[in-house]
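> Here is a sequence together with a model predicted from it:
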Amino acid sequence: MTGVVAMPSMTPAGALFEQCRDVTPGYDVVSLVGAPGAPNTGRVNARSVQLTEPTRGRLHRLNIALMLPILAVAGAFVVVFDADTWWDAVVLSLGVAAALVAAERWAAGDLVRPRVAIPCLLVTAVVWPFGALVTDSPNAFWGLCVVGSLIAPRLPRQRGVAAAALIVYVAAVGASRLLLLSGDIRGDLISYLLVPTGITIVVTALQFPNEQFYDVVRELEQSRQREAELAVIRERVRFAGDLHDIQGHTLHVVKLKTTLAEKLVHTDPHRAEQELREIRALVSDTITQTKELAYAQRRLNLTAELENAKNLFEAAGIRVRITREADADARVSELLGQVLRETTTNILRHAQASQVRITLAELGITIVNDGVQGEALPELRGLSALRQRVAGDGGELTVEQRDGEFVTAAAFSGGGAG
């Protein structure tokens, strides 16, 4: 039984480890965040990535705060300065309202949906010729300029054609006034043709690089999600490695001892019985270790867990700060490591955190992250099971949301864990 023994290549643990290892290098990044059932393309497509709810909400609020006040003031000036009658004011207000609705939906990311884009375009496309040909409102193009310039850069295809069509339509309406109505040709040329067309060209052209900014945001979001998924995969590979360490050697030894007992059963029954007893003891010990690993009860090194959590968070694009107020008491170190490991997994899999703070004390640990989603606490079964173990050893594990942060804290009394 001495010497180097080759590990079996097809043990359950070995097969799981190989599968996890094979998945990582060729992982299809699109399938991580794409729709269920989407084909494995092997390519990164920023426009296929959907922003997460927290990110979408922050961008929505930021765009609303920046855009709507400016657009509302500009729309009010259009109505006040161009409307001569209440009927003029009503029609121009419809164009302003459509522009504001389009801006709000653009900020929310669903402007290009037909149920939003088409009504806004139709309303503003009617208001502009009404203003140019009926009410002498040279600024009536404003609503169409806003709506069209927001829609064109976000179309999935033919964006350049859509932008050109918008500019041509604005210019055509202005030119029609020159052809159909007699008056100050020079003044109308400037007010109804050159200025509206020029402003529409400039605003639309500026929206295209602005849309590229959102492409960058989508790519960063995709990268963050990919890193978080890969961090979870690495954690699974580490678990598979631990499982392989526990079961691989044992299974091979059991195989050899079984073969030996089979040969000795007739020639040396007492030795065969001894081998069978050792096999039973090995299997029993392996079952115990596997259960401890599965339920996070295997002895952990807290320092190693801190370093592992730091590496996982940084790999997922999450800022992490570790404060060690004191070295953990040896009696509670293992349980604190289990709390840290389970919380790390929960943050990576369920939260949308951008920063994590870990504070280690002599008899406790606190993990705070800003990845709160929704008002209610999520169901975290792993921490629920750990809460019972911590309570059984004289401590308390608390999980709560406060001030927009998710806090997990474990603390023991002076007696420590038994």
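Great, that's in hand. Numbering: from 1, shown residues only.

> residues contacting R177?
A132, L133, D188, Y192, L193 (CB atoms under 8 Å, 6 or more residues apart in numbering). Using the backbone N, CA and C atoms, a C-beta is placed for each residue, glycine as well.

> Ignoring the adjacent residues along the chain, who's closest to the fourth one?
The shortest distance from Y192 to any non-neighbouring residue, by CB to CB, 6 or more residues apart in numbering, is to G174 (4.1 Å).

> What pLDDT does the model give that neighbour?
Looking at G174, its pLDDT is 90.

> Next: T200.
As predicted, T200 sits at a pLDDT of 92.

> That one: how many residues sit nearby?
By other CB atoms under 10 Å, the residues close to T200 number 25.

> wait, isn't it in contact with A164?
No. The pair T200 / A164 is not scored as a contact, 10.8 Å apart, by CB atoms under 8 Å.

> Could I get the full set of strands for the stretch 151-300 of the chain?
In the stretch 151-300 of the chain, no strands are defined using DSSP state E, counting those that start in this stretch.

> Any stretches of it with poor pLDDT?
For the stretch 151-300 of the chain, the stretches with pLDDT under 70 are 182, 214, 217, 245-246, 249, 252, 295-300.

> What distance do you get for the closest residue to A175 other than its chain neighbours to G183?
Nearest non-adjacent residue to A175, counting by CB to CB, 6+ apart: L193, 5.7 Å away. Using CB to CB, to the nearest Å, we find L193 at a distance of 13 Å from G183.

> between these two, who's got more neighbours?
Using other CB under 10 Å, the more surrounded residue of L193 and G183 is L193, with 21 against 10.

> sorry, back to before: measure the residue nearest to Y192 to G131 for me?
11 Å.

> More neighbours: the two, which one.
A count of neighbours by other CB under 10 Å puts G131 above the other of G174 and G131, at 29 against 25.

> quick one: common contacting residues for T200 and A164?
Going by CB under 8 Å, 6+ apart, no residue sits against T200 while also sitting against A164.

> Run through the residues that contact the residue nearest to Y192.
G174 neighbours (CB under 8 Å, 6+ apart): A132, F141, Y192, L193, L194, P196, T197.

> residues touching the second one, list them.
So the one you mean is F141. With CB under 8 Å, 6+ apart, F141 has these contacts: W128, G131, A132, V170, V173, G174, P196, I199, T200.

> hang on, the earlier thing: now the contacts of G174 as a markdown table including distance to I151?
Below are the contacts of G174 laid out as a markdown table (distance: CB to CB, whole Å):
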| residue | distance to I151 |
| --- | --- |
| A132 | 21 |
| F141 | 15 |
| Y192 | 23 |
| L193 | 23 |
| L194 | 24 |
| P196 | 18 |
| T197 | 18 |
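
> farthest pair in those residues?
A132 and L194 (13.2 Å; CB to CB).

> filter the contacts of G174 to the buried ones?
A132, F141, Y192, L193, P196, T197 (16 or more other CB atoms under 10 Å).

> Tell me the one of the residues you listed nearest T250?
Of the buried ones among the contacts of G174, the one sitting nearest to T250 (CB to CB) turns out to be F141, at 78.8 Å.

> Can you read off the pLDDT for the closest one?
At F141, pLDDT is 92.

> Give me the nearest residue to it, chain neighbours excluded.
P196 (4.1 Å).

> Was I right to think the one you found contacts C145?
Yes. The pair P196 / C145 is scored as a contact, 7.3 Å apart, by CB under 8 Å.

> Pull up the overlap in contacts between those two.
By CB under 8 Å, 6+ apart, the residues touching both P196 and C145 are V170.

> Just give me the longest helix of this structure.
helix 195-267 (DSSP state H).

> Show me what that one is packed up against.
Under the contact criterion of 3 or more CB pairs under 8 Å, 6 or more residues apart in numbering; DSSP states H and E, helix 195-267 touches helix 12-23, helix 29-33, helix 53-82, helix 142-151, helix 159-180, helix 269-294, helix 302-315, helix 333-350.

> Confirm A410 sits in a helix?
No. Assignment of A410 by DSSP: H, G, I helix; E, B strand; the rest coil gives strand, placing it outside any helix.

> what about it, neighbour count?
26.

> so how far is V146 from A72?
Taken as CB to CB, the span from A72 to V146 is 11 Å.

> my bad, should have said A74
Counting by CB to CB - A74 and V146 are separated by 9 Å.

> So for the two, which sits in the more crowded spot?
V146 (27 against 14).

> dump the residue contacts of that one.
L71, A99, A102, A103, T124, V203.

> 10 Å instead?
When contacts are counted by CB atoms under 10 Å, 6 or more residues apart in numbering, V146 touches 67, 71, 74-75, 95-96, 98-100, 102-103, 106, 120, 124, 200, 203, 207.

> And the buried ones among these, selectable in PyMOL?
Buried members of these, defined by 16+ other CB under 10 Å, are picked up in PyMOL with:
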select buried, resi 67+71+75+95+96+98+99+100+102+103+106+120+124+200+203+207
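
> Quick check: neighbours shared by G174 and G131?
Contacts common to G174 and G131, judged by CB under 10 Å, 6+ apart, are P138, F141, Y192, P196.

> any chance of those in JSON lines, with distance to E229 too?
Listed next are these as JSON lines, based on distance: CB to CB, whole Å:
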{"residue": "P138", "distance to E229": "54"}
{"residue": "F141", "distance to E229": "47"}
{"residue": "Y192", "distance to E229": "55"}
{"residue": "P196", "distance to E229": "49"}
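
> circling back to that earlier point, pull up the overlap in contacts between A132 and L194.
G174, D188.

> picking that back up, what residues are shared contacts of A74 and V146?
Common neighbours of A74 and V146 (CB under 10 Å, 6+ apart) are V96, A99.

> Excluding chain neighbours, what is closest to E400?
Nearest one to E400, counting by CB to CB, 6+ apart, is V407 at 5.4 Å.

> who's in contact with that neighbour?
R357, T366, I367, V368, N369, V372, T398, V399, E400, Q401.

> what does A304 give?
G337.

> Count the neighbours of L302 for me.
The tally of other residues near L302 (other CB under 10 Å) stands at 22.
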